[in-house]
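> What shape does this take:
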Amino acid sequence: MRRINYNDYLRENKAKYTITRLRLKGRRGARRRRRDEKEREILLKMDRARRDRWIKEGRLVILGPRRYHFNLDGESESL
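Next comes the predicted model:
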């Protein structure tokens, strides 16, 4: 019977396994490179602007400190 070193086997097949798993689930992999500080600040500003726009349009309603209601159709509903 052939002997296999499990660590070597994992190292050789991890990339192929990850690609196959992601293709089947339809999700992409996690970032490998950390975002730099400037990129993180820009993305945070964009997220805040999007949230503020949704609140103004009535798509996002803040119900409490940790509770939200998101209207997918963009119309405000009575809550």
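> Wasn't residue 69 part of a helix?
No. Counting by DSSP: H, G, I helix; E, B strand; the rest coil, residue 69 is not found in a helix; it is strand.
> Please name the nearest non-neighbouring residue to it.
residue 61 (4.4 Å; CB to CB, 6 or more residues apart in numbering). Bear in mind the C-beta positions are built from the backbone N, C-alpha and C, glycine included.
> in what helix or strand does the one you found lie?
Assessed by DSSP states H and E, residue 61 sits inside strand 60-64.
> my read: the residue nearest to residue 69 touches residue 71, true?
Yes. With contacts counted by CB atoms under 8 Å, residue 61 reaches residue 71, the gap being 7.3 Å.
> Can you name the secondary structure element that comes next after whichever helix or strand residue 15 is part of?
Using DSSP H and E, residue 15 maps to helix 6-25. Counting by DSSP H and E, the next helix or strand C-terminal to helix 6-25 is helix 37-57.
> Return the distance of the residue positioned nearest the centre of the chain relative to residue 38.
What sits nearest the mean C-alpha location of the chain, by CA atoms, centre = their mean, is residue 30, with 8.7 Å. Distance of residue 30 to residue 38, computed by CB to CB, to the nearest Å: 21 Å.
> And for residue 24?
From residue 24 to residue 38 the distance is 36 Å (CB to CB).
> Could you list the buried residues of stretch 44-62?
54, 59, 60 (16 or more other CB atoms under 10 Å).
> By mean pLDDT, which helix or strand of this structure comes out lowest?
Within the chain, no helix or strand scores below helix 6-25, which has a mean of 85 by mean pLDDT, DSSP states H and E.
> Only alpha carbons, please: show that one as CSV.
Output of helix 6-25 as CSV, limited to C-alpha atoms (Å, rounded to 0.1, in the frame of the first residue of the first chain):
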residue,chain,number,x,y,z
TYR,A,6,-1.2,14.2,4.5
ASN,A,7,0.4,17.7,4.8
ASP,A,8,2.0,17.3,1.3
TYR,A,9,-1.4,16.0,-0.1
LEU,A,10,-3.2,19.1,1.3
ARG,A,11,-0.6,21.5,0.0
GLU,A,12,-0.8,20.0,-3.5
ASN,A,13,-4.6,19.8,-3.8
LYS,A,14,-5.7,22.9,-1.8
ALA,A,15,-5.9,25.3,-4.8
LYS,A,16,-7.8,22.8,-7.0
TYR,A,17,-10.2,22.0,-4.1
THR,A,18,-10.8,25.7,-3.4
ILE,A,19,-11.6,26.6,-7.0
THR,A,20,-14.0,23.7,-7.3
ARG,A,21,-15.7,24.5,-4.1
LEU,A,22,-16.2,28.1,-5.0
ARG,A,23,-17.4,27.3,-8.5
LEU,A,24,-20.1,25.0,-7.1
LYS,A,25,-21.3,27.5,-4.5
